[in-house]
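> with the sequence up front, the predicted model follows.
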Amino acid sequence: GSSCDKCDFETDLCKALHELNLQPGWIRRNGRSGIGPPYSDHNGNDSAYFLSLSSEMRSSSATLKTNILLPTDEQHVCQITFHYWISQTSGTLMVGLQKHSEDTITNIWQDSGELQSQWKAHTITINSTEEYEV
């Protein structure tokens, strides 16, 4: 069966993230929050929730980590699709992979937002012979 989870932040953090407290700098909000753009989610819904960096974090970074994910093989490939919005030129969104046996995080994708202020989607495929976090 499919082991795909949808993560929409409507009630709280999704299963992939829920055990971890939000790292400082991340807030859960919607387009009506009065904080500024984006004023809706990627479907154009202004009451749907998403995660956003708070304005105090403009000059530094904040991390979101998944729970520990199981090893992949031919039958179980990991694909993660996410929607994102980058509004200022200095911002970079990076996806990192940390394997169970390694202390370092390997950067596997990043975007610094050449197309500013619009929702984009990206899918990453992960292969790992051991447990890992993203």
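Good, I have the coordinates.
> what kind of secondary structure is Glu56 in?
helix (DSSP: H, G, I helix; E, B strand; the rest coil).
> tell me the spacing between it and Gly25.
The gap separating Glu56 from Gly25 is 7 Å, by CB to CB, to the nearest Å. From N, CA and C alone the C-beta is placed, and that goes for glycine too.
> show me which of the two is the more surrounded one.
Legend: neighbour count by other CB atoms under 10 Å for Glu56 and Gly25, higher for Gly25 (17 against 9).
> what residues are up against the more buried one?
Leu53, Ser54, Glu56, Met57, Ser60, Ser61, Ala62 (CB atoms under 8 Å, 6 or more residues apart in numbering).
> now do 10 Å
By CB atoms under 10 Å, 6 or more residues apart in numbering, the residues touching Gly25 are Ser52, Leu53, Ser54, Ser55, Glu56, Met57, Arg58, Ser60, Ser61, Ala62, Thr63, Leu64.
> quick check: can you list the domain ranges of this structure?
8-62, 68-133 (the TED database).
> the first one - what's its average pLDDT?
This points to domain 8-62. Domain 8-62 carries an average pLDDT of 83.
> start to end distance for it?
For domain 8-62, the first-to-last residue distance is 19 Å (CA to CA, to the nearest Å).
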